[in-house]
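predicted model follows, preceded by the sequence.
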Amino acid sequence: MINANWQEAYKDAIMEMDAARLPERIEMARMAIHERLSRAGEPLSKREADDLEGALRTLAYLTRNAA
């Protein structure tokens, strides 16, 4: 599945309970999402584009509110 990599990293970030590890997990998820967005030759479906956008918003929220 094309999007499995970013989805796995995203899931790991949102499920992380250790506050010390959360920033690393968030960064890994962001990197995976941006990698997926930049892959040439692999078009995004509307659904995946929406999922990616929502995931980035959630990661931004976690970054702002994690402490």
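Structure received.

every contact and neighbour count from this point should use C-alpha atoms.
OK.

tally of neighbours for residue 52?
By the measure other CA atoms under 10 Å, the count of residues near residue 52 is 22.

and it, what does it touch?
residue 33 (CA atoms under 8 Å, 6 or more residues apart in numbering).

in whichever helix in the chain runs longest, what counts as buried?
When the chain is parsed with DSSP state H, its longest helix is helix 46-65. For helix 46-65, burial by neighbour count (16 or more other CA atoms under 10 Å) applies to 52, 55, 56, 58, 59, 62.

which among these gets closest to residue 20?
The nearest member of the buried residues of helix 46-65 to residue 20, counting by CA to CA, is residue 62 at 13.0 Å.

mind checking pLDDT for the closest one?
Looking at residue 62, its pLDDT stands at 96.

please apply the same query to residue 4.
If you check residue 4, the pLDDT there is 68.

can you check the one 3 residues further on too?
According to the prediction, residue 7 has pLDDT 96.

what's the neighbour count on it?
Around residue 7 there are 17 residues (other CA under 10 Å).

how about residue 19, secondary structure?
Following DSSP: H, G, I helix; E, B strand; the rest coil, residue 19 is assigned to coil.

as JSON lines, the buried residues of helix 46-65 with distance to residue 19 would be great.
Putting the buried residues of helix 46-65 into JSON lines (distance: CA to CA, whole Å) gives the following:
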{"residue": "52", "distance to residue 19": "23"}
{"residue": "55", "distance to residue 19": "19"}
{"residue": "56", "distance to residue 19": "19"}
{"residue": "58", "distance to residue 19": "16"}
{"residue": "59", "distance to residue 19": "14"}
{"residue": "62", "distance to residue 19": "11"}
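
re the thing from before, distance from the chain centre to the longest helix of the chain, please.
With CA atoms, centre = their mean, to the nearest Å as the basis, helix 46-65 stands 7 Å off its chain's centre.

again, but for stretch 52-67
Relative to its chain's centre, stretch 52-67 lies at 9 Å (CA atoms, centre = their mean).
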